[in-house]
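**Student:** The sequence and its predicted three-dimensional model are supplied below.
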Amino acid sequence: MGDWLSFLIFAGLFYVMMRYGCGAHMIHGRHGHHDKAKDIDPVCGMEINIEQGYGKMHEGGRCHMNARLSLRAIGHASSLFLAISYVLCVVFDLVFPEYAMHTVWHKLLPGFEWISWKGFIIGLVESYGYGWFFTLIWTPLYNVFAARN
């Protein structure tokens, strides 16, 4: 039950950050594009019809942004986040063996072996894969719900 609760909290925080934080491109300006029917997303550079996407007021003007998230960008970001977290946890387990978490890795990462290069590589690849698993489910769901707003 605790694993699911942790996952739901992480997913909720990730949604909030992507919807209202950096994912919403709230800090970017218009970059000088002044076509009244279309605008340029300041982050991804896509041309956006002002009737689509969403806009925010920024520096006295309205900035239109693409509401869709990139599957590739979210996939690599999530996967790298989990892979880096995995490496940091393995280092933590080696430095502080009395607080080791490697027993959890045995349950979460099939084929994982503690203190072997094979086990480390398997865990790293599987951690990266879990990031794509999350992305392939979450990003399309986000894009569907964002399109409805």
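**Tutor:** Received it, and whenever you're ready, just let me know what you need. Since we're looking at a predicted model, the values are computed, not measured.
**Student:** biggest helix in this structure, by residue count?
**Tutor:** Criterion DSSP state H: the longest helix present in the chain is helix 117-148.
**Student:** Please name every helix or strand in contact with it.
**Tutor:** helix 2-20, helix 71-95 (3 or more C-beta pairs under 8 Å, 6 or more residues apart in numbering; DSSP states H and E). To be clear about C-beta, it is placed using only N, CA and C from the backbone, and glycine gets the same treatment.
**Student:** rank the ones you listed by mean pLDDT and give me the bottom one.
**Tutor:** Mean pLDDT is lowest for helix 2-20 out of the helices and strands packed on helix 117-148, coming in at a mean of 75.
**Student:** quick check: angle from that one to helix 117-148?
**Tutor:** 50 degrees (axes from the mean of the first three to the mean of the last three C-alpha atoms, to 10 degrees).
**Student:** Packing partners of helix 2-20?
**Tutor:** Right, helix 2-20 is packed against helix 117-148 by 3+ C-beta pairs under 8 Å, 6+ apart.
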